[in-house]
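# Structure for the following, please:
(chains A and B)
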Amino acid sequence: MNPTLVAARAGLSRGRIEFKQTLTTPGDLIAILITIGSFLAAMIWTRHTHVPGTHFSLGTTMLVSVLGLDVVVYGFITMADLIVTEREDGTLLRAKAIPNGMLGYLLGKVVNISGQIAFVVAITLLTGAFLFTGLAIGSPGSWLTLAWVLVLGLLATLPLGAVLGSLFSSQRSAGGPMLLLLGGLASISGIFYPITHLPVFLQWTGQVFPLYWLGLGMRSALLPHALAAVEVGHSWRHLATFGVLSAWAIAGLVLAPVVLRRMARRESGSNVAARREKAMRR
Amino acid sequence: MDDVLDVRDLRMRYGKTDVLNGVSFAARRGEVLALLGPNGAGKTTTIEILEGFRMRSAGQVSVLGTDPAHGSEAWRARTGVVLQSWRDHAKWQVRELLAHLGRYYAPYSTPSLTRPWDADDLLETVGLTPHARKRVRNLSGGQRRRLDVAIGIVGRPELLFLDEPTAGFDPEARRDFHDVVHRLTDREQTTILVTTHDLDEAERLADRIVILAGGTIIADGSADELARAMSGQSEVRWSRDGQRFVHAADDATAFVRELFRQYGESVEDLEVRRASLEDTYMALVRQAEHSVRRQLTVVAA
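Alright, predicted model coming up:
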């Protein structure tokens, strides 16, 4: 038996168990449903507003773009948050104390979070299909595009989320900056409103980050072709989407092992004990 | 070479502070070794270096024949670390977690040693069978510590590390914990290194006690040997004609012989008590702290 293979398999089942726990722990499930619900409320609010220059519902566009936002929220923010939390509470140290435990731990996180994203996307789409008109979900091409954008989005966000999580020392210092970052990014990434109405330098800034491309990819998969007209360059730009998301994925996959190894090397019982003391005092 | 642990001239320095000043000790296979010392003596630093969780400044360290600073995953599989649970794996069920963590050890089985420990057997050993399907966060403090031990030994380690295992325990949880460790040493040939600042615990658990104070080892031996080596004095109590007497004697046997020669049958309620390990320990630590303080004064002057 190859130890690495055994640990990888254990990691996959770890992810399945954790995902199941997320769905069966009332607090976690409610948090997910509230996120989905509040986005849906915003979309319903703008259901009868039109995308500028078209007769298409802004709410429907937003529904689709938010799927891209979901990938970033879970793949980047939740991943980082879990790493910070579980470093603080000693989960990571336990992983370090068993052979190939870190591999299993990280794979488990990837499976768990991918599961959560799939769950959120499915619920959002399912509800959206009943509440909104105009979704182009009839053709296999739509699903194929959705699939590759999702997978590439996960690759672009999960490793970097893990890197971010390793850089913060406590949950408290991580939460605020991360949400601010995401809020700012969402507003220049065309999630809630077409980016073409922003000043050009903001358009360029938005297009550096994966969030814009995830939103665009989702729109290209699930909206009618005619709507490409309101995008930058009047096109879905699949090639550019693939390129930018891949670049972020490669950066993350190169960086993550280095940063994670450095972080893991520093974990010890007394570090965890010190953090526990600190957390108890606040 | 039956040494599972071999530490020679171990040194650790943080900035300009020397935490460990040349620590040397060894442990044989199957031995339970207690690293005893006051808070801040360097116990945790020492055990974390041996666990491979911390890099040392200098010295030679061999753990199961390997330098822990470069321990492979195969080496890791032969060691067990009992960590103090806090909030980790709170949503996991007890048996589920043990079975999961055990899986990683399966490839490291040898013909004579099947890894991991069967989850149900292990739950039985640590007395958690009735709680197998409980979520970890619903366990009591004592049950949680038993789970910590179970996780530490699920890979059937040849060497087990316990760092301040009973800090913050109530008396019952502490006794439960000691029972589990005894069962472990009786059944398996596990070598155990335990750190504690509690003398009573060291005496209960360990075959041999190493006392660490001020970054060096100031004593090394069985509880009995330490008490004998350190304090030649014993306390002799007796009563005569309804009056009670107490005397501290260097040679209690000679003193009592003389006592009987002089007073014969009028000596009653005779009691000879060798200095307890606690007296010994306090004396040793005080001595070590004095000598450190003296050194500091010399340096300051």
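# quick one: pLDDT of the closest residue in space to B:Glu268 that isn't next to it in sequence?
In this structure, B:Glu268 finds its nearest non-sequential neighbour in B:Ser239, 5.1 Å apart by C-beta to C-beta, 6 or more residues apart in numbering or on different chains. (C-beta placed from N, C-alpha, C; glycine too.) Taken from the predicted model, the pLDDT recorded for B:Ser239 is 93.
# tally of neighbours for the residue of the stretch 151-282 of chain A found nearest chain B?
In the stretch 151-282 of chain A, no residue comes nearer to chain B than A:Ser268, which is 3.8 Å away by C-beta to the nearest C-beta. Neighbour count of A:Ser268, defined by other C-beta atoms under 10 Å in any protein chain shown: 23.
# Show the contacting residues for it.
If a contact means C-beta atoms under 8 Å, 6 or more residues apart in numbering or on different chains, then A:Ser268 has A:Leu93, B:Glu48, B:Glu51, B:Phe53, B:Arg54 as its contacts.
# Please repeat the previous calculation with a cut-off of 10 Å.
A:93, A:96, A:274, B:44-45, B:47-49, B:51-54, B:81, B:83, B:163 (C-beta atoms under 10 Å, 6 or more residues apart in numbering or on different chains).
# what ranges do the helices span in the stretch 51-200 of chain B?
Read by DSSP state H, counting those that start in this stretch, the stretch 51-200 of chain B holds these helices, from start to end of the chain: B:73-78, B:94-103, B:119-125, B:141-153, B:171-187, B:199-205.
# quick check, whichever helix or strand comes after the last one touching chain A?
Pointing back at helix B:199-205 there. Next helix or strand after helix B:199-205 toward the C-terminus (DSSP states H and E): strand B:208-213. No: under the criterion of C-beta under 10 Å from any C-beta of the partner chain, chain A is not reached by strand B:208-213; the shortest gap measures 15.3 Å.
# tell me the average confidence for strand B:208-213?
Model confidence over strand B:208-213, given as mean pLDDT, is 92.
# roughly how far out does that strand sit from the chain middle?
Relative to its chain's centre, strand B:208-213 lies at 9 Å (C-alpha atoms, centre = their mean, to the nearest Å).
# again with stretch A:66-84
Relative to where its chain is centred, stretch A:66-84 has its mean C-alpha point 4 Å off (C-alpha atoms, centre = their mean).
# What of stretch B:41-59?
Stretch B:41-59 has its C-alpha centroid displaced from the chain centroid by 15 Å (C-alpha atoms, centre = their mean).
# Same question for it: list its buried residues.
Residues B:41-54, B:56, B:59 are the ones in stretch B:41-59 that count as buried (16 or more other C-beta atoms under 10 Å in any protein chain shown).
# ok so, going back, just list the residues touching the residue nearest to B:Glu268, thanks.
Under the criterion of C-beta under 10 Å, 6+ apart, the contact partners of B:Ser239 comprise B:Phe245, B:Ser266, B:Val267, B:Glu268, B:Asp269, B:Leu270, B:Glu271.
# could you redo the last one with a cut-off of 8 Å?
Contact analysis of B:Ser239 by C-beta under 8 Å, 6+ apart lists B:Phe245, B:Val267, B:Glu268, B:Asp269.
# Show me what the least confident helix or strand in chain A by mean pLDDT packs onto, helices and strands only.
Across the helices and strands of chain A, mean confidence by mean pLDDT, DSSP states H and E is lowest for helix A:171-187: a mean of 78. On a contact count with 3 or more C-beta pairs under 8 Å, 6 or more residues apart in numbering or on different chains; DSSP states H and E, helix A:171-187 meets helix A:58-72, helix A:79-88, helix A:140-167.
# how big is the angle separating the helix or strand containing A:Ala31 from helix A:58-72?
When elements are defined using DSSP H and E, A:Ala31 is found to belong to helix A:26-45. Interaxial angle of helix A:26-45 relative to helix A:58-72 (axes from the mean of the first three to the mean of the last three C-alpha atoms, to 10 degrees): 150 degrees.
# State the mean pLDDT of helix A:26-45.
Helix A:26-45 shows a mean pLDDT of 90.
# Check the offset of that helix from the chain's centre.
16 Å.
# Check which helices and strands it sits against.
helix A:3-24, helix A:58-72, helix A:101-131.
# which of these sits most buried?
With neighbours defined as mean count of other C-beta atoms under 10 Å in any protein chain shown, the helices and strands packed on helix A:26-45 peak in mean count at helix A:58-72, which reaches a mean of 26.
# Can you get me a residue count around A:Arg262?
10.
# where does it land in three-state SS?
Using DSSP: H, G, I helix; E, B strand; the rest coil, the secondary structure recorded for A:Arg262 is helix.
# which residues does it contact?
Residues counted as contacts of A:Arg262 (C-beta under 8 Å, 6+ apart) are A:Ser166.
# any weak-confidence spans in chain B?
For chain B, the stretches with pLDDT under 70 are B:1, B:230-232, B:292-301.
# Residues of it that sit close to chain A?
Within chain B, the residues that sit near chain A (C-beta under 8 Å from any C-beta of the partner chain) are B:44-45, B:48, B:51, B:53-54, B:73-74, B:76-77, B:80-81, B:83-89, B:91-92, B:96, B:100-101, B:103-108, B:151, B:155, B:163.
# Among those, name the buried ones.
In those, burial by neighbour count holds for B:44-45, B:48, B:51, B:53-54, B:73, B:76-77, B:80-81, B:83-86, B:88-89, B:91-92, B:96, B:100-101, B:103-108, B:151, B:155, B:163, counting by 16+ other C-beta under 10 Å.
# re earlier: hang on, the residue nearest to B:Glu268 is in a strand, isn't it?
Yes: the secondary structure assignment for B:Ser239 places it in a strand, going by three-state DSSP.
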